[in-house]
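Visitor: turn this into a model:
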Amino acid sequence: MWAGTLYALAAGLMWGLVFVGPLLLPEYPAALQSVARYLAFGVIALPLAWLDRHALRQLSRADWVEALKLAAIGNLLYYLCLASAIQRAGGPLPTMLIGTLPVVIAISANLRNARRDGKLPWKRLAPSLALIALGIAFVNQVELQALRQEADADLRRYAVGGLLALGAVACWTWYPLRNADWLRAHPDRSPRTWATAQGVATLPLALAGYAALWGGMAAAGSAFPMPAGPRPEVFLGLMATIGLFASWLGTLCWNEASQRLPTALAGQLIVFETLAALAYAFILRGQMPQPLTLAGIACLMIGVLRAVRVKPEPLSATA
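Guide: Numbers count the residues shown, from 1 in each chain. Now for the predicted structure:
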C-alpha cells in the first residue's frame with residue numbers, strides 16, 4: 001500500500017510539469033505543444049523498447065490496440081485540451097477542474113470496479129473526498145478572486161478554456177480506469193513494459209499529428225516558424241524534459257501504483273499532481289501562497305492521508 005502511494009506521489013510530482021509548458025511557451029500553439037511532447041515521448045521510448053523487446057513481443061494485437069487508444073485519448077487529446085485551456089483561461093481554472101479528478105475517479109471506480117477491487121465504504125470514504133473537495137475549493141477561491149480583478153479579462157476566452165479543461169477531465173477520468181483494467185488483468189506483465197508500449201504507440205500518432213499541423217499551417221499561410229517556432233532551443237529542451245519525466249517516467253510510476261492499489265484509492269492520489277502544479281505555479285510567480293491557499297493544501301494532504309488508511313472490503317461484506 002505505501003509503496004503504491006510513493007509511486008503515485010512520484011508520478012504526481014512529474015505530471016505537475018505539464019502545467020508549466022503552456023505558461024512558459026504562450027506563443028506556441030497548444031496543438032504543437034501536444035504533438036511535440038508526445039513525439040519526444042515516442043522517441044525516448046524507442047531505445048527502451050529495444051531493451052524490452054522480448055517482453056513487448058509477448059503483447060497481443062488486442063494489447064497494442066488498447067495501448068493505441070490509451071495513447072490517443074490519455075496522452076494526445078488530454079494534453080491538447082489541457083494546454084489549450086491553460087493558454088485561454090490561465091493556470092487557475094484548469095488547475096481547479098483537473099483538481100477534481102481525485103474525486104471524480106474515486107467515485108467512478110467505486111461504482112465501476114467494486115467486484116474486482118472490493119468496495120471502499122462510502123461512509124469511511126466520504127470524509128476524505130470532502131476534505132479533498134474543500135481543499136480544492138479553498139485553493140481556487142484565491143485564484144479566481146485574483147482573476148476577477150483583471151480589467152482586461154476576456155470572459156468568452158476564459159469560458160472556452162473552462163470547457164476545454166472539462167474535456168481534459170473527461171479524458172483523464174477514462175484513462176486511469178482503462179489503464180488499470182489492463183494492468184490488473186495482466187498482473188504477470190511489467191508496468192515498465194506497458195509504459196514503453198504506450199510510448200511506442202504514441203510515436204506514429206504524434207508524427208502524423210505534427211505533419212498534419214505543419215501542412216495545415218503552411219496551407220493557411222501562417223507566419224509561425226515551423227518546425228520548432230521562434231525559440232527552438234527552449235521549445236525542444238522543454239518538450240524533451242516533459243516527454244522524459246512527465247510522459248515516460250511519470251507513466252511508469254503510475255503503472256507501478258495502479259498495480260498495487262485499488263483503482264478508487266489510486267484515483268484519489270492524483271491529488272499529488274494538483275499539489276505539484278500549484279507549487280510550480282507559485283515558484284514561477286515568485287510569491288508565497290496566501291493563507292487560504294495553504295489551508296486548502298492542508299485539507300488536500302489530510303484527505304489523501306485519510307484515504308490511504310481506508311481499506312477496501314469484499315462486495316459481499318458491504319452488501
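Visitor: could you say what helices and strands the helix or strand hosting Gly42 packs with?
Guide: With secondary structure defined by DSSP states H and E, Gly42 is part of helix 30-51. On a contact count with 3 or more Cβ pairs under 8 Å, 6 or more residues apart in numbering; DSSP states H and E, helix 30-51 meets helix 20-24, helix 78-89, helix 191-219, helix 232-241. C-beta coordinates here come from the backbone N, C-alpha and C atoms, glycine included.
Visitor: can you pull the buried residues of the very next helix or strand once past that helix?
Guide: Per DSSP H and E, the first helix or strand lying C-terminal to helix 30-51 is helix 53-57. For helix 53-57, a neighbour-count test (16 or more other Cβ atoms under 10 Å) marks 55-56 as buried.
Visitor: can you tell me the closest non-neighbouring residue to Val43?
Guide: Leu203 (7.0 Å; Cβ to Cβ, 6 or more residues apart in numbering).
Visitor: equivalent analysis for Leu77, please.
Guide: Leu77 sits nearest to Cys171 (Cβ to Cβ, 6+ apart), 5.3 Å away.
Visitor: ok, now which ones touch the one you found?
Guide: Counting by Cβ atoms under 8 Å, 6 or more residues apart in numbering, Cys171 touches 73-74, 77-78, 81.
Visitor: residue ranges with poor pLDDT in the stretch 101-250 of the chain?
Guide: Of all residues in the stretch 101-250 of the chain, those with pLDDT under 70 make up the ranges 114, 116-118, 153.
Visitor: list the buried residues for stretch 30-48?
Guide: Quick answer for stretch 30-48 (16+ other Cβ under 10 Å): 30-45, 48.
Visitor: oh sorry, the question was meant for stretch 137-151
Guide: For stretch 137-151, the neighbour count (16+ other Cβ under 10 Å) marks 138-140, 142-143 as buried.
Visitor: out of those, which sit inside helices?
Guide: 138-140, 142-143 (DSSP state H).
Visitor: still on that earlier bit, the helix holding Gly42: how far from the chain's middle?
Guide: Here the centre of helix 30-51 is set off from its chain's centre by 16 Å, with Cα atoms, centre = their mean, to the nearest Å.
Visitor: Ala276 is nearest to which of the helices and strands packed on helix 30-51?
Guide: Counting by Cβ to Cβ, Ala276 lies closest to helix 20-24 out of the helices and strands packed on helix 30-51; the figure is 9.8 Å.
Visitor: which residues are contacting that closest one?
Guide: Contacts of helix 20-24 (Cβ under 8 Å, 6+ apart): 30, 33, 37, 82-83, 86-87, 91, 234, 238-239, 242, 280-281, 284.
Visitor: any of those residues buried? List them.
Guide: By 16+ other Cβ under 10 Å, the contacts of helix 20-24 give 30, 33, 37, 82-83, 86-87, 91, 238-239, 242, 280-281 as buried.
Visitor: let's have the residues you listed in CSV, adding distance to Glu273.
Guide: Below are these laid out as CSV (distance: Cβ to Cβ, whole Å):
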residue, distance to Glu273
Ala30, 19
Gln33, 18
Arg37, 16
Leu82, 11
Ala83, 15
Ile86, 14
Gln87, 19
Gly91, 13
Leu238, 18
Met239, 19
Ile242, 13
Tyr280, 11
Ala281, 12
